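**Student:** Task: produce atomic coordinates for the following.
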Amino acid sequence: MKDSYFVLANGNRIPKLGLGTDDVFFINPPRHSNNKVINKFLNVYNYRILKPYLNSIMTKRFVKAFRAGYRLIDTSAAYNNEKSIGDAIRMSGIPREEFFVTSRCTNHSQFENKVRESFFLSLKKFGLDYLDLYMFHWPVTNYYLDTWKELESLYKEGYIRNLGVANCNIHHLQELLSVCNIKPVINQIEVHPLFTQKKLVGFCKEQGIQVEAYSPLAKNDDRLRRNRVIGTLAEKYGKSRSQIIIRWHIDNGIIPIPRSMHVCRMIQNLDVFDFKLLQDEVEAIDAININSRLRYDPDNCDFTLL
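**Tutor:** The predicted structure is shown next:
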């Protein structure tokens, strides 16, 4: 696709659009269940039947997405799908070096000081020799600076091509930048027309940190489905509302990471490189902002539950 890459502060290229992924869900026992028979049955069912079945389905979907044109793939150790992604890369027939594979360590690996072990477990599940981008999932209070030191070590050892962070506000970044030896090149945060985070995005740009947006479509919020500005632009360009929003992200210099498990929707989301929004159209979507956060606030959440 023409003009489909941004250049990071370290000179490495990154696709302007990524594919977000879902976690593999399990059937959990009833809360506070002490029934060993039920717990054992569900454990066997989850890991011997359900997980292989879901991984097989996801692998096939990922292969179709890769062949359609996706190269930036975003996941986390918490999603239990790294093996499916690695299998799909090999099954796609597309050279490994064309992919930009991203994963993140969990909060629990930070609490338990097992970031390094978590990384190598992820690498093993992927079946890869290196990751293109690795980051922590949340700036866990009293832990994320030590986590960053571990990531720097893995980077220096050649296992990671780019280092990033996720869910960092300005004060998190300022604290990290004051002690780090290697600057993050990515900050993945919640951004969408209802929650533009202009101040944080502006700070990242000043620091040479590329912004990635999760929940870039605002989880298909009805307020955007009914918005006249987006609807008018969709009619003008002959695109869907989702495609207009994805293009708005890109024209703002942000990498959107939309998540869908429907192959047709994945492919539709990718079809945004044959047009650009005018500057006044970008600003009109900017003006939709009402500071409505739909996900967790990194300054006001319980990291043990994430």
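
**Student:** neighbours around the residue nearest to M266 when sequence neighbours are not counted, how many?
**Tutor:** Using Cβ to Cβ, 6 or more residues apart in numbering and skipping residues adjacent in sequence, the residue nearest M266 is A65, 4.8 Å away. Every C-beta, even on glycine, is put in place using the N, C-alpha and C of the backbone. When neighbours are counted by other Cβ atoms under 10 Å, A65 registers 23.

**Student:** do G93 as well
**Tutor:** Around G93 there are 9 other residues, counting by other Cβ under 10 Å.

**Student:** so what's it scoring on pLDDT?
**Tutor:** Listed pLDDT for G93 reads 97.

**Student:** gap between stretch 195-207 and the chain center?
**Tutor:** The chain centre lies 18 Å from the centre of stretch 195-207; the measure is Cα atoms, centre = their mean, to the nearest Å.

**Student:** residue nearest the centroid of this protein?
**Tutor:** Centroid-nearest residue in the chain, with Cα atoms, centre = their mean: D74, separated by 4.5 Å.

**Student:** which residues does that residue contact?
**Tutor:** Neighbouring residues of D74 by Cβ atoms under 8 Å, 6 or more residues apart in numbering: 18-21, 102, 188, 212, 214, 257.

**Student:** Check the spacing between S76 and R13 real quick.
**Tutor:** 23 Å (Cβ to Cβ, to the nearest Å).

**Student:** Compare neighbour counts for the two and give me the winner.
**Tutor:** The neighbour comparison of S76 against R13 (other Cβ under 10 Å) goes to S76, with 20 against 12.

**Student:** Once you drop chain neighbours, what's closest to that one?
**Tutor:** Nearest residue to S76 in three dimensions, chain neighbours excluded: R104, at 4.2 Å (Cβ to Cβ, 6+ apart).

**Student:** Ok, P15 next?
**Tutor:** L72 is the one closest to P15 (Cβ to Cβ, 6+ apart), at 4.0 Å.

**Student:** One more: W138?
**Tutor:** In space, and not counting its chain neighbours, W138 is closest to N167: 5.0 Å by Cβ to Cβ, 6+ apart.

**Student:** Show me the shaky parts of the stretch 1-150 of the chain.
**Tutor:** Applying pLDDT under 70 to the stretch 1-150 of the chain flags residues 1-2, 24-34, 37-51.

**Student:** where along it do the strands fall?
**Tutor:** Secondary structure of the stretch 1-150 of the chain, counting by DSSP state E, counting those that start in this stretch: strands at 5-7, 13-15, 18-20, 72-74, 100-105, 133-136.

**Student:** Tell me which of those strands approaches R228 most closely.
**Tutor:** strand 18-20 (27.4 Å; Cβ to Cβ).

**Student:** Outside of that closest one itself, list whatever touches it.
**Tutor:** Strand 18-20 is contacted from outside by 62, 65, 70, 72-74, 100, 102, 212, 214, 255-260, 266, using Cβ under 8 Å, 6+ apart.

**Student:** at 10 Å instead, please
**Tutor:** With Cβ atoms under 10 Å, 6 or more residues apart in numbering as the test, strand 18-20 has contacts from 61-62, 65-66, 68-75, 79, 85, 100, 102, 133, 188, 212-216, 255-261, 266, 269-270.

**Student:** List buried residues within these.
**Tutor:** Using 16 or more other Cβ atoms under 10 Å as the burial test, the contacts of strand 18-20 include 61-62, 65-66, 69-75, 79, 85, 100, 102, 133, 188, 212-216, 255-260, 266, 269-270 as buried.

**Student:** Could you give the number of residues near the closest residue to S215 other than its chain neighbours?
**Tutor:** Leaving aside its chain neighbours, S215 sits nearest to E190 (5.3 Å; criterion: Cβ to Cβ, 6+ apart). Residues near E190, counting by other Cβ under 10 Å, number 21.
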